[in-house]
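Peer 1: Build me a model from this:
(one chain, ligands or ions: 1)
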Amino acid sequence: MLDVVIIGCGPVGALAANLLGKSGLNTLVIEREADPFPLPRAVHLDHEMMRLFQAAGVIDHVVADMRDTEGHIHIGADHGVIRYMGTVGLPRPFGWSNDYFFYQPELEAHLRGALARYANVQLRLGTAFEALEQDADGVAVRLRSPSGPSVVRARWLIACDGSRSSVRKSLGIALDDLDFEEPWLVVDAEVDGAVRFPALTGLPDGANLQQLSVMMCDPDRPATVVPGRGNHRRWEFMLLPGEDDAAMMRPEKVSELVGPWLERVPHRIVRAATYRFHGLIAEKWQQGRVFLAGDAAHQTPPFFGQGMCHGLRDVANLAWKLALVSDGKVEPELLDSYQAERDPHVRAVIEAAVAAGRYICMLDPAQAAARDVEMRARAEGSAHSTAADLIPAIETGIVASDTPGAGERFIQPWVGAGSTQALLDDVTGGGWRLFAIDAEAAARARQAVEAVTALAIRIVDISEIADGGTLRQWLTERCARFVLVRPDFYVFGTACESVEPLLNGLRGSITEQSARERESVT
Ligand SMILES: O=C(O)CCc1cccc(O)c1
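Peer 2: Reported below is the predicted structural model:
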(Lines give C-alpha, C1' and ligand atoms only; values in the text may rest on other atoms or scores of the structure.)
Protein backbone atom coordinates (compact mmCIF):
# COMPACT_ATOMS: atom_id res chain seq x y z
CA MET A 1 0.00 0.00 0.00
CA LEU A 2 1.17 3.54 -0.82
CA ASP A 3 1.51 6.07 1.96
CA VAL A 4 -0.05 8.97 0.09
CA VAL A 5 -1.82 9.49 -3.22
CA ILE A 6 -1.97 13.11 -4.37
CA ILE A 7 -4.62 14.07 -6.90
CA GLY A 8 -3.40 16.97 -9.03
CA CYS A 9 0.15 18.00 -9.90
CA GLY A 10 -0.08 21.78 -10.07
CA PRO A 11 2.31 23.70 -7.81
CA VAL A 12 0.46 22.63 -4.65
CA GLY A 13 0.40 18.90 -5.47
CA ALA A 14 3.98 19.03 -6.74
CA LEU A 15 5.27 20.74 -3.57
CA ALA A 16 3.39 18.18 -1.46
CA ALA A 17 5.06 15.39 -3.42
CA ASN A 18 8.50 16.96 -2.96
CA LEU A 19 8.05 17.36 0.79
CA LEU A 20 6.64 13.85 1.24
CA GLY A 21 9.32 12.42 -1.04
CA LYS A 22 11.99 14.03 1.12
CA SER A 23 10.42 12.47 4.22
CA GLY A 24 10.61 9.04 2.61
CA LEU A 25 6.88 8.46 2.17
CA ASN A 26 5.76 6.26 -0.71
CA THR A 27 3.82 8.72 -2.80
CA LEU A 28 1.91 8.58 -6.07
CA VAL A 29 0.90 11.81 -7.82
CA ILE A 30 -1.93 11.65 -10.31
CA GLU A 31 -2.39 14.37 -12.92
CA ARG A 32 -5.35 14.42 -15.31
CA GLU A 33 -3.55 16.37 -18.04
CA ALA A 34 -1.00 14.53 -20.14
CA ASP A 35 0.95 17.70 -20.95
CA PRO A 36 1.93 20.63 -18.75
CA PHE A 37 -0.47 23.59 -18.92
CA PRO A 38 1.43 26.13 -21.06
CA LEU A 39 -0.13 29.35 -19.73
CA PRO A 40 0.29 31.26 -16.46
CA ARG A 41 -2.49 31.09 -13.88
CA ALA A 42 -1.03 32.09 -10.49
CA VAL A 43 1.75 34.69 -10.79
CA HIS A 44 2.68 35.78 -7.27
CA LEU A 45 4.03 34.30 -4.06
CA ASP A 46 5.71 35.55 -0.90
CA HIS A 47 8.81 34.90 1.22
CA GLU A 48 7.23 31.99 3.06
CA MET A 49 6.87 30.04 -0.19
CA MET A 50 10.53 30.70 -1.00
CA ARG A 51 11.40 29.18 2.36
CA LEU A 52 9.28 26.13 1.55
CA PHE A 53 11.04 25.76 -1.81
CA GLN A 54 14.29 26.04 0.11
CA ALA A 55 13.14 23.25 2.44
CA ALA A 56 12.12 21.13 -0.54
CA GLY A 57 15.59 21.58 -2.08
CA VAL A 58 14.32 23.29 -5.25
CA ILE A 59 15.08 26.91 -4.48
CA ASP A 60 18.11 27.31 -6.77
CA HIS A 61 16.11 26.34 -9.85
CA VAL A 62 13.04 28.31 -8.85
CA VAL A 63 14.66 31.59 -7.81
CA ALA A 64 16.48 32.00 -11.12
CA ASP A 65 13.11 32.35 -12.87
CA MET A 66 11.56 34.90 -10.54
CA ARG A 67 11.34 38.65 -10.19
CA ASP A 68 11.34 40.05 -6.67
CA THR A 69 9.23 43.15 -6.29
CA GLU A 70 8.58 45.91 -3.79
CA GLY A 71 5.08 45.52 -2.41
CA HIS A 72 1.61 46.81 -3.20
CA ILE A 73 0.03 50.21 -3.83
CA HIS A 74 -3.64 51.15 -4.16
CA ILE A 75 -4.58 54.26 -6.16
CA GLY A 76 -7.83 56.14 -5.63
CA ALA A 77 -10.40 57.58 -8.03
CA ASP A 78 -8.48 60.90 -8.22
CA HIS A 79 -5.25 59.04 -9.10
CA GLY A 80 -3.76 59.71 -5.67
CA VAL A 81 -2.37 56.99 -3.40
CA ILE A 82 -4.85 55.61 -0.86
CA ARG A 83 -2.88 52.64 0.51
CA TYR A 84 0.83 51.88 0.29
CA MET A 85 2.33 48.60 1.42
CA GLY A 86 5.82 49.07 0.00
CA THR A 87 8.85 47.14 1.20
CA VAL A 88 11.73 49.24 -0.16
CA GLY A 89 14.43 49.72 2.47
CA LEU A 90 12.66 47.53 5.04
CA PRO A 91 14.46 44.63 6.71
CA ARG A 92 13.79 41.11 5.36
CA PRO A 93 13.29 39.15 8.57
CA PHE A 94 12.46 35.92 6.75
CA GLY A 95 15.51 35.99 4.50
CA TRP A 96 13.63 36.62 1.26
CA SER A 97 11.85 39.59 -0.32
CA ASN A 98 8.19 39.79 0.56
CA ASP A 99 6.95 39.51 -3.04
CA TYR A 100 7.98 37.42 -6.04
CA PHE A 101 6.45 37.02 -9.48
CA PHE A 102 6.90 33.83 -11.48
CA TYR A 103 5.68 32.16 -14.65
CA GLN A 104 3.60 29.17 -13.62
CA PRO A 105 4.66 26.76 -16.39
CA GLU A 106 8.30 27.28 -15.35
CA LEU A 107 7.58 26.85 -11.65
CA GLU A 108 5.62 23.66 -12.32
CA ALA A 109 8.40 22.29 -14.50
CA HIS A 110 10.96 22.85 -11.70
CA LEU A 111 8.76 21.26 -9.04
CA ARG A 112 7.87 18.27 -11.21
CA GLY A 113 11.44 17.83 -12.42
CA ALA A 114 12.65 17.68 -8.82
CA LEU A 115 10.47 14.63 -8.15
CA ALA A 116 12.90 12.54 -10.18
CA ARG A 117 15.23 12.66 -7.15
CA TYR A 118 12.91 10.40 -5.21
CA ALA A 119 12.57 6.70 -5.97
CA ASN A 120 9.65 6.74 -3.52
CA VAL A 121 7.62 9.25 -5.61
CA GLN A 122 5.85 8.36 -8.85
CA LEU A 123 4.07 10.82 -11.16
CA ARG A 124 1.33 9.47 -13.45
CA LEU A 125 0.26 11.97 -16.11
CA GLY A 126 -2.89 11.70 -18.20
CA THR A 127 -4.67 9.88 -15.39
CA ALA A 128 -7.99 11.04 -13.97
CA PHE A 129 -9.48 10.50 -10.54
CA GLU A 130 -12.84 8.71 -10.74
CA ALA A 131 -13.92 7.67 -7.26
CA LEU A 132 -12.70 6.72 -3.80
CA GLU A 133 -13.70 4.43 -0.98
CA GLN A 134 -12.30 4.53 2.54
CA ASP A 135 -11.96 1.88 5.22
CA ALA A 136 -10.19 1.76 8.58
CA ASP A 137 -6.73 1.31 7.04
CA GLY A 138 -6.71 3.35 3.88
CA VAL A 139 -8.29 4.77 0.76
CA ALA A 140 -8.96 2.84 -2.46
CA VAL A 141 -8.81 5.22 -5.41
CA ARG A 142 -10.29 4.40 -8.81
CA LEU A 143 -8.38 6.00 -11.67
CA ARG A 144 -8.74 6.15 -15.43
CA SER A 145 -6.02 6.63 -18.05
CA PRO A 146 -5.92 6.02 -21.82
CA SER A 147 -4.70 2.48 -21.03
CA GLY A 148 -7.84 1.80 -18.97
CA PRO A 149 -9.11 1.84 -15.39
CA SER A 150 -7.00 1.00 -12.35
CA VAL A 151 -7.27 1.05 -8.55
CA VAL A 152 -4.55 2.14 -6.12
CA ARG A 153 -4.57 1.97 -2.33
CA ALA A 154 -2.95 4.52 -0.04
CA ARG A 155 -3.06 5.30 3.65
CA TRP A 156 -4.00 8.91 2.88
CA LEU A 157 -5.17 11.02 -0.06
CA ILE A 158 -4.50 14.71 -0.62
CA ALA A 159 -6.79 16.42 -3.12
CA CYS A 160 -4.90 19.20 -4.89
CA ASP A 161 -7.25 19.04 -7.86
CA GLY A 162 -8.23 22.67 -8.04
CA SER A 163 -11.32 24.78 -7.58
CA ARG A 164 -13.61 22.29 -9.34
CA SER A 165 -12.11 19.43 -7.30
CA SER A 166 -13.61 16.09 -8.30
CA VAL A 167 -12.50 14.69 -4.94
CA ARG A 168 -14.32 17.40 -3.00
CA LYS A 169 -17.44 16.84 -5.09
CA SER A 170 -17.26 13.07 -4.62
CA LEU A 171 -17.24 13.62 -0.84
CA GLY A 172 -20.18 16.03 -1.05
CA ILE A 173 -18.26 18.75 0.81
CA ALA A 174 -19.93 22.16 0.51
CA LEU A 175 -18.17 25.52 0.26
CA ASP A 176 -18.75 28.33 2.71
CA ASP A 177 -19.38 31.45 0.61
CA LEU A 178 -17.87 34.67 1.99
CA ASP A 179 -20.34 36.67 -0.07
CA PHE A 180 -18.02 38.24 -2.61
CA GLU A 181 -18.37 37.62 -6.33
CA GLU A 182 -17.14 39.99 -9.02
CA PRO A 183 -16.39 39.34 -12.70
CA TRP A 184 -12.89 40.30 -13.92
CA LEU A 185 -10.88 39.88 -17.10
CA VAL A 186 -7.28 38.65 -16.63
CA VAL A 187 -4.81 39.60 -19.39
CA ASP A 188 -1.24 38.30 -19.64
CA ALA A 189 1.23 39.85 -22.05
CA GLU A 190 4.89 39.84 -22.97
CA VAL A 191 5.97 43.47 -22.95
CA ASP A 192 9.23 44.85 -24.28
CA GLY A 193 9.50 48.05 -22.29
CA ALA A 194 8.08 49.91 -19.31
CA VAL A 195 4.35 50.09 -18.69
CA ARG A 196 3.01 53.63 -18.90
CA PHE A 197 1.04 54.81 -15.87
CA PRO A 198 -1.16 57.91 -15.77
CA ALA A 199 0.13 60.82 -13.69
CA LEU A 200 -0.28 59.77 -10.06
CA THR A 201 -0.03 61.91 -6.93
CA GLY A 202 1.20 61.13 -3.44
CA LEU A 203 3.68 58.45 -4.51
CA PRO A 204 6.06 57.76 -1.61
CA ASP A 205 9.76 58.51 -2.14
CA GLY A 206 11.46 55.64 -3.92
CA ALA A 207 8.21 53.99 -5.06
CA ASN A 208 8.82 52.42 -8.48
CA LEU A 209 5.56 51.63 -10.26
CA GLN A 210 7.30 49.08 -12.52
CA GLN A 211 8.21 47.11 -9.38
CA LEU A 212 4.92 47.36 -7.49
CA SER A 213 1.58 45.54 -7.63
CA VAL A 214 -0.65 48.45 -8.54
CA MET A 215 -4.40 48.48 -7.84
CA MET A 216 -6.19 51.24 -9.76
CA CYS A 217 -9.36 51.73 -7.68
CA ASP A 218 -10.92 53.77 -10.46
CA PRO A 219 -14.74 53.61 -10.45
CA ASP A 220 -14.72 53.95 -14.26
CA ARG A 221 -12.92 50.58 -14.46
CA PRO A 222 -11.12 49.07 -11.45
CA ALA A 223 -7.91 47.43 -12.65
CA THR A 224 -4.77 45.68 -11.40
CA VAL A 225 -1.34 46.07 -13.04
CA VAL A 226 1.36 43.73 -11.76
CA PRO A 227 4.88 42.93 -12.88
CA GLY A 228 5.85 39.43 -13.92
CA ARG A 229 9.09 37.57 -14.31
CA GLY A 230 11.17 38.65 -17.31
CA ASN A 231 8.98 40.59 -19.69
CA HIS A 232 5.71 39.07 -18.48
CA ARG A 233 3.03 41.50 -17.25
CA ARG A 234 -0.48 40.96 -15.97
CA TRP A 235 -3.51 43.23 -16.02
CA GLU A 236 -6.85 42.55 -14.43
CA PHE A 237 -9.91 44.60 -15.43
CA MET A 238 -13.22 44.51 -13.65
CA LEU A 239 -16.21 43.84 -15.89
CA LEU A 240 -18.82 46.57 -15.59
CA PRO A 241 -22.52 45.75 -15.14
CA GLY A 242 -23.96 44.31 -18.36
CA GLU A 243 -20.59 43.50 -19.95
CA ASP A 244 -20.42 40.12 -21.59
CA ASP A 245 -17.59 37.68 -20.88
CA ALA A 246 -17.12 36.55 -24.49
CA ALA A 247 -17.12 40.12 -25.80
CA MET A 248 -14.54 41.18 -23.19
CA MET A 249 -12.15 38.40 -24.23
CA ARG A 250 -12.14 39.43 -27.93
CA PRO A 251 -8.68 40.59 -29.11
CA GLU A 252 -9.93 44.03 -30.14
CA LYS A 253 -11.46 44.62 -26.69
CA VAL A 254 -8.31 43.36 -24.96
CA SER A 255 -6.19 45.74 -27.10
CA GLU A 256 -8.50 48.62 -26.24
CA LEU A 257 -8.09 47.88 -22.51
CA VAL A 258 -4.31 47.44 -22.39
CA GLY A 259 -3.63 50.05 -25.13
CA PRO A 260 -3.35 53.10 -22.84
CA TRP A 261 -0.78 51.24 -20.69
CA LEU A 262 1.37 50.27 -23.65
CA GLU A 263 1.51 53.22 -26.03
CA ARG A 264 4.31 52.49 -28.52
CA VAL A 265 5.61 49.61 -26.37
CA PRO A 266 5.95 46.38 -28.39
CA HIS A 267 3.93 43.61 -26.78
CA ARG A 268 2.21 40.30 -27.42
CA ILE A 269 -0.98 39.23 -25.64
CA VAL A 270 -0.45 35.73 -24.23
CA ARG A 271 -3.86 35.10 -22.73
CA ALA A 272 -7.14 36.82 -21.87
CA ALA A 273 -9.78 35.06 -19.79
CA THR A 274 -12.64 36.13 -17.56
CA TYR A 275 -13.01 34.85 -14.00
CA ARG A 276 -15.36 35.28 -11.10
CA PHE A 277 -13.28 36.55 -8.17
CA HIS A 278 -14.78 35.08 -5.04
CA GLY A 279 -14.12 33.98 -1.48
CA LEU A 280 -14.99 30.35 -0.79
CA ILE A 281 -13.82 27.97 1.94
CA ALA A 282 -14.63 24.25 2.22
CA GLU A 283 -16.80 23.40 5.20
CA LYS A 284 -14.68 20.31 5.82
CA TRP A 285 -11.01 20.01 4.89
CA GLN A 286 -10.71 16.43 6.01
CA GLN A 287 -12.98 13.47 5.68
CA GLY A 288 -11.40 10.43 7.27
CA ARG A 289 -8.14 9.82 5.44
CA VAL A 290 -8.79 12.37 2.71
CA PHE A 291 -7.55 15.98 2.90
CA LEU A 292 -8.43 18.91 0.67
CA ALA A 293 -5.65 21.38 -0.13
CA GLY A 294 -5.18 24.45 -2.32
CA ASP A 295 -8.05 25.65 -4.48
CA ALA A 296 -9.94 22.44 -3.70
CA ALA A 297 -10.25 23.76 -0.14
CA HIS A 298 -10.50 27.53 -0.67
CA GLN A 299 -10.55 30.30 -3.24
CA THR A 300 -9.69 33.93 -2.70
CA PRO A 301 -10.01 37.15 -4.65
CA PRO A 302 -6.45 37.78 -5.91
CA PHE A 303 -5.99 41.25 -4.46
CA PHE A 304 -2.90 40.41 -2.41
CA GLY A 305 -1.74 37.58 -4.67
CA GLN A 306 -2.16 34.98 -1.92
CA GLY A 307 -4.22 32.30 -3.74
CA MET A 308 -1.44 29.83 -4.40
CA CYS A 309 0.39 30.70 -1.17
CA HIS A 310 -2.57 29.37 0.81
CA GLY A 311 -2.32 26.03 -0.96
CA LEU A 312 1.44 25.74 -0.48
CA ARG A 313 0.95 26.48 3.23
CA ASP A 314 -1.70 23.75 3.36
CA VAL A 315 0.61 21.03 2.11
CA ALA A 316 3.55 22.26 4.20
CA ASN A 317 1.27 21.89 7.22
CA LEU A 318 0.15 18.40 6.22
CA ALA A 319 3.53 17.08 5.11
CA TRP A 320 5.30 17.10 8.48
CA LYS A 321 2.24 15.72 10.22
CA LEU A 322 1.84 12.87 7.75
CA ALA A 323 5.56 12.08 8.07
CA LEU A 324 5.32 11.81 11.87
CA VAL A 325 2.15 9.73 11.83
CA SER A 326 3.35 7.45 9.07
CA ASP A 327 6.56 6.74 10.99
CA GLY A 328 4.35 5.56 13.84
CA LYS A 329 5.95 8.16 16.10
CA VAL A 330 2.71 9.88 17.01
CA GLU A 331 -0.99 9.13 17.10
CA PRO A 332 -3.02 9.85 13.94
CA GLU A 333 -5.13 12.41 15.84
CA LEU A 334 -2.33 14.86 14.99
CA LEU A 335 -3.87 15.02 11.51
CA ASP A 336 -7.09 16.44 12.96
CA SER A 337 -5.17 19.65 13.65
CA TYR A 338 -4.96 20.30 9.88
CA GLN A 339 -8.30 22.05 9.47
CA ALA A 340 -8.15 23.52 12.99
CA GLU A 341 -4.94 25.34 12.03
CA ARG A 342 -5.46 26.08 8.37
CA ASP A 343 -9.10 27.18 8.26
CA PRO A 344 -8.83 30.23 10.57
CA HIS A 345 -5.52 31.19 8.98
CA VAL A 346 -6.80 31.08 5.41
CA ARG A 347 -10.10 32.66 6.44
CA ALA A 348 -8.34 35.70 7.96
CA VAL A 349 -6.32 36.33 4.77
CA ILE A 350 -9.28 35.73 2.43
CA GLU A 351 -11.38 38.09 4.57
CA ALA A 352 -8.65 40.75 4.16
CA ALA A 353 -8.72 40.21 0.37
CA VAL A 354 -12.53 40.38 0.33
CA ALA A 355 -12.43 43.58 2.42
CA ALA A 356 -9.96 45.08 -0.09
CA GLY A 357 -12.17 43.83 -2.93
CA ARG A 358 -15.16 45.69 -1.51
CA TYR A 359 -13.39 49.06 -1.78
CA ILE A 360 -11.47 48.22 -4.97
CA CYS A 361 -14.64 47.24 -6.83
CA MET A 362 -16.61 50.42 -5.99
CA LEU A 363 -18.24 51.74 -9.16
CA ASP A 364 -20.15 54.68 -7.73
CA PRO A 365 -18.01 57.87 -8.09
CA ALA A 366 -19.36 59.53 -4.93
CA GLN A 367 -18.76 56.41 -2.86
CA ALA A 368 -15.29 56.03 -4.35
CA ALA A 369 -14.42 59.65 -3.48
CA ALA A 370 -15.61 59.11 0.12
CA ARG A 371 -13.58 55.89 0.25
CA ASP A 372 -10.45 57.75 -0.82
CA VAL A 373 -10.88 60.29 1.98
CA GLU A 374 -11.46 57.54 4.54
CA MET A 375 -8.53 55.40 3.36
CA ARG A 376 -6.13 58.34 3.49
CA ALA A 377 -7.30 59.27 6.99
CA ARG A 378 -6.80 55.68 8.08
CA ALA A 379 -3.29 55.59 6.60
CA GLU A 380 -2.40 58.86 8.35
CA GLY A 381 -3.33 57.43 11.70
CA SER A 382 -1.50 54.11 11.46
CA ALA A 383 2.02 52.76 11.22
CA HIS A 384 3.32 51.59 7.85
CA SER A 385 2.38 47.98 7.20
CA THR A 386 3.15 45.55 4.39
CA ALA A 387 1.33 42.59 2.89
CA ALA A 388 3.33 40.32 5.25
CA ASP A 389 1.35 41.86 8.12
CA LEU A 390 -1.88 40.44 6.69
CA ILE A 391 -0.74 36.89 7.49
CA PRO A 392 -1.81 36.02 11.03
CA ALA A 393 -0.23 33.74 13.60
CA ILE A 394 -1.62 30.23 14.05
CA GLU A 395 -3.83 30.42 17.12
CA THR A 396 -5.33 26.95 17.45
CA GLY A 397 -3.72 23.56 16.99
CA ILE A 398 -0.15 22.51 17.66
CA VAL A 399 0.93 25.75 19.32
CA ALA A 400 1.59 26.74 22.93
CA SER A 401 -0.70 29.69 22.44
CA ASP A 402 -0.17 31.09 25.95
CA THR A 403 3.52 31.79 25.25
CA PRO A 404 4.79 34.98 23.53
CA GLY A 405 5.43 34.54 19.81
CA ALA A 406 3.51 31.25 19.53
CA GLY A 407 2.09 30.62 16.06
CA GLU A 408 4.20 33.35 14.39
CA ARG A 409 6.29 32.61 11.33
CA PHE A 410 9.83 32.28 12.63
CA ILE A 411 12.51 34.56 11.24
CA GLN A 412 15.28 33.35 8.97
CA PRO A 413 18.37 35.57 9.16
CA TRP A 414 21.39 35.34 6.92
CA VAL A 415 24.27 33.78 8.81
CA GLY A 416 28.00 34.41 8.35
CA ALA A 417 29.63 36.98 6.13
CA GLY A 418 30.84 37.51 2.59
CA SER A 419 31.01 34.47 0.37
CA THR A 420 30.18 32.10 3.24
CA GLN A 421 26.81 33.72 3.94
CA ALA A 422 23.92 31.27 4.16
CA LEU A 423 20.33 31.28 5.32
CA LEU A 424 19.55 29.99 8.80
CA ASP A 425 17.60 26.91 7.68
CA ASP A 426 20.47 25.84 5.42
CA VAL A 427 22.90 26.23 8.31
CA THR A 428 20.88 24.38 10.97
CA GLY A 429 18.85 22.00 8.79
CA GLY A 430 15.07 21.79 9.02
CA GLY A 431 12.64 19.75 11.11
CA TRP A 432 11.83 20.56 14.73
CA ARG A 433 14.35 23.04 16.14
CA LEU A 434 14.74 24.29 19.68
CA PHE A 435 16.77 27.50 19.68
CA ALA A 436 18.45 28.35 23.00
CA ILE A 437 19.89 31.72 23.89
CA ASP A 438 23.35 30.50 25.02
CA ALA A 439 25.44 27.41 25.69
CA GLU A 440 24.10 26.87 29.19
CA ALA A 441 20.48 27.10 28.00
CA ALA A 442 21.33 24.75 25.11
CA ALA A 443 22.73 22.16 27.55
CA ARG A 444 19.54 22.37 29.61
CA ALA A 445 17.45 22.08 26.46
CA ARG A 446 19.35 18.93 25.44
CA GLN A 447 18.67 17.25 28.79
CA ALA A 448 15.03 18.29 28.79
CA VAL A 449 14.40 17.00 25.26
CA GLU A 450 15.93 13.62 26.16
CA ALA A 451 13.80 13.38 29.28
CA VAL A 452 10.50 14.51 27.79
CA THR A 453 10.11 13.48 24.17
CA ALA A 454 11.16 10.89 21.58
CA LEU A 455 10.59 13.40 18.76
CA ALA A 456 13.72 14.35 16.85
CA ILE A 457 14.35 17.93 17.97
CA ARG A 458 17.55 19.66 16.96
CA ILE A 459 19.02 21.97 19.62
CA VAL A 460 20.57 25.16 18.29
CA ASP A 461 22.71 27.40 20.51
CA ILE A 462 22.18 30.80 18.94
CA SER A 463 25.35 32.22 20.51
CA GLU A 464 27.20 30.06 17.97
CA ILE A 465 25.26 31.59 15.06
CA ALA A 466 26.78 34.67 13.41
CA ASP A 467 23.54 36.41 12.45
CA GLY A 468 24.27 39.90 13.71
CA GLY A 469 22.11 39.38 16.80
CA THR A 470 18.68 39.07 15.17
CA LEU A 471 17.85 35.72 16.81
CA ARG A 472 18.80 37.04 20.24
CA GLN A 473 16.74 40.17 19.58
CA TRP A 474 13.73 38.04 18.54
CA LEU A 475 13.96 36.09 21.80
CA THR A 476 14.55 39.15 23.95
CA GLU A 477 11.53 40.94 22.47
CA ARG A 478 9.44 37.99 23.63
CA CYS A 479 11.17 37.75 27.03
CA ALA A 480 12.28 34.24 26.10
CA ARG A 481 15.43 32.13 26.32
CA PHE A 482 14.07 29.30 24.17
CA VAL A 483 11.93 29.05 21.05
CA LEU A 484 10.63 25.78 19.63
CA VAL A 485 10.04 25.98 15.87
CA ARG A 486 7.92 23.50 13.89
CA PRO A 487 9.05 21.90 10.64
CA ASP A 488 6.81 24.32 8.71
CA PHE A 489 8.61 27.30 10.30
CA TYR A 490 5.77 28.38 12.58
CA VAL A 491 6.69 28.87 16.22
CA PHE A 492 5.29 26.18 18.53
CA GLY A 493 6.06 28.33 21.56
CA THR A 494 8.68 30.04 23.69
CA ALA A 495 9.99 29.59 27.23
CA CYS A 496 11.62 32.00 29.60
CA GLU A 497 13.41 30.12 32.40
CA SER A 498 12.54 26.44 32.27
CA VAL A 499 12.02 24.69 28.94
CA GLU A 500 10.31 21.57 30.35
CA PRO A 501 6.79 23.06 30.42
CA LEU A 502 7.12 23.95 26.73
CA LEU A 503 8.18 20.41 25.84
CA ASN A 504 5.46 18.95 28.05
CA GLY A 505 3.03 21.20 26.18
CA LEU A 506 4.25 19.69 22.92
CA ARG A 507 3.77 16.20 24.35
CA GLY A 508 0.29 17.21 25.41
CA SER A 509 -0.71 18.35 21.94
CA ILE A 510 1.03 15.58 19.99
CA THR A 511 0.40 12.17 21.51
CA GLU A 512 3.58 10.20 21.01
CA GLN A 513 3.35 6.47 20.73
CA SER A 514 5.41 4.46 23.19
CA ALA A 515 8.26 2.36 21.77
CA ARG A 516 6.14 -0.75 22.50
CA GLU A 517 3.17 0.60 20.52
CA ARG A 518 5.49 1.52 17.66
CA GLU A 519 6.91 -1.99 17.55
CA SER A 520 3.44 -3.49 17.34
CA VAL A 521 2.70 -1.26 14.31
CA THR A 522 5.86 -2.21 12.42
O1 LIG B 1 -3.74 37.38 -10.62
C2 LIG B 1 -3.31 36.96 -9.57
O3 LIG B 1 -3.40 35.79 -9.24
C4 LIG B 1 -2.66 37.87 -8.55
C5 LIG B 1 -2.22 39.16 -9.09
C6 LIG B 1 -1.82 40.04 -7.96
C7 LIG B 1 -0.61 39.85 -7.34
C8 LIG B 1 -0.23 40.67 -6.30
C9 LIG B 1 -1.07 41.66 -5.88
C10 LIG B 1 -2.28 41.83 -6.50
O11 LIG B 1 -3.10 42.82 -6.07
C12 LIG B 1 -2.66 41.01 -7.53
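Peer 1: Tell me who's in contact with the residue most central in space within the chain.
Peer 2: By C-alpha atoms, centre = their mean, the mean C-alpha position of the chain lies nearest to C309, the distance being 2.0 Å. Applying C-beta atoms under 8 Å, 6 or more residues apart in numbering, we find C309 in contact with L45, D46, E48, M49. Just so you know, the C-beta spots here come from the backbone N, C-alpha and C atoms, and that holds for glycine as well.
Peer 1: What helix or strand is it located in?
Peer 2: Using DSSP states H and E, the element containing C309 is helix 307-326.
Peer 1: How about the contacts made by the closest residue to A323 other than its chain neighbours?
Peer 2: By the measure of C-beta to C-beta, 6 or more residues apart in numbering, the closest residue to A323 outside its immediate chain neighbours is S23, 3.8 Å from it. By C-beta under 8 Å, 6+ apart, the residues touching S23 are A319, W320, L322, A323, S326.
Peer 1: contacting residues around whichever residue of the chain sits closest to the ligand?
Peer 2: Going by C-beta to the nearest ligand atom, the ligand is nearest to G305 of the chain, at 2.8 Å. The contact partners of G305, taken as C-beta under 8 Å, 6+ apart, are V43, H44, L45, D46, D99, S213, V226, A387.
Peer 1: now the angle between helix 307-326 and the following helix or strand past the helix holding C309, please.
Peer 2: As assigned by DSSP H and E, the chain's next helix or strand after helix 307-326 is helix 337-360. Interaxial angle of helix 337-360 relative to helix 307-326 (axes from the mean of the first three to the mean of the last three C-alpha atoms, to 10 degrees): 170 degrees.
Peer 1: Give the burial count for H61, as a bare number.
Peer 2: 16 (other C-beta atoms under 10 Å).
Peer 1: roughly how far apart are it and V315?
Peer 2: 19 Å (C-beta to C-beta, to the nearest Å).
Peer 1: where does the protein dip in pLDDT?
Peer 2: Within the chain, the stretches with pLDDT under 70 are 513-522.
Peer 1: per-domain residue ranges of it.
Peer 2: Domains of the chain are assigned by automatic domain parsing as 2-63+102-174+283-360, 393-521.
Peer 1: Need the winner for burial among those domains.
Peer 2: Comparing those by mean neighbour count (mean count of other C-beta atoms under 10 Å), domain 2-63+102-174+283-360 ranks first with a mean of 20.
Peer 1: For the stretch 1-150 of the chain, which residues are neighbours of the ligand?
Peer 2: The interface of the stretch 1-150 of the chain toward the ligand, taken as C-beta under 6 Å from any ligand atom, is made up of A42, V43, H44, H72.
Peer 1: Reformat those residues as TSV; add secondary structure and distance to R481.
Peer 2: Below are these laid out as TSV (DSSP: H, G, I helix; E, B strand; the rest coil; distance: C-beta to C-beta, whole Å):
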residue	secondary structure	distance to R481
A42	coil	41
V43	coil	42
H44	strand	38
H72	strand	37
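Peer 1: Check the residues you listed and tell me the two furthest apart.
Peer 2: Farthest pair in these (C-beta to C-beta) is A42 and H72. Separation: 16.2 Å.
Peer 1: can you give me the helices in the stretch 201-350 of the chain?
Peer 2: For the stretch 201-350 of the chain, the helices defined by DSSP state H, counting those that start in this stretch occupy 245-249, 251-258, 307-326, 337-360.
Peer 1: what's the second one packed up against?
Peer 2: I take that to be helix 251-258. Here helix 251-258 touches strand 175-191, strand 232-238, strand 267-282, going by 3 or more C-beta pairs under 8 Å, 6 or more residues apart in numbering; DSSP states H and E.
Peer 1: Would you reformat the ones you listed as CSV and include mean neighbour count and distance to the ligand?
Peer 2: Shown next, in CSV, are these (neighbours: other C-beta atoms under 10 Å; distance: least, C-beta to the nearest ligand atom, whole Å):
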stretch, mean neighbour count, distance to the ligand
strand 175-191, 18, 6
strand 232-238, 22, 6
strand 267-282, 18, 9
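Peer 1: Tell me which of the domains of the chain lies nearest to F277.
Peer 2: domain 2-63+102-174+283-360 (4.1 Å).
Peer 1: start to end distance for the closest one?
Peer 2: 47 Å (C-alpha to C-alpha, to the nearest Å).
Peer 1: Now do that domain: distance to the chain's middle.
Peer 2: Relative to its parent chain, domain 2-63+102-174+283-360 has a centroid offset of 11 Å by C-alpha atoms, centre = their mean, to the nearest Å.
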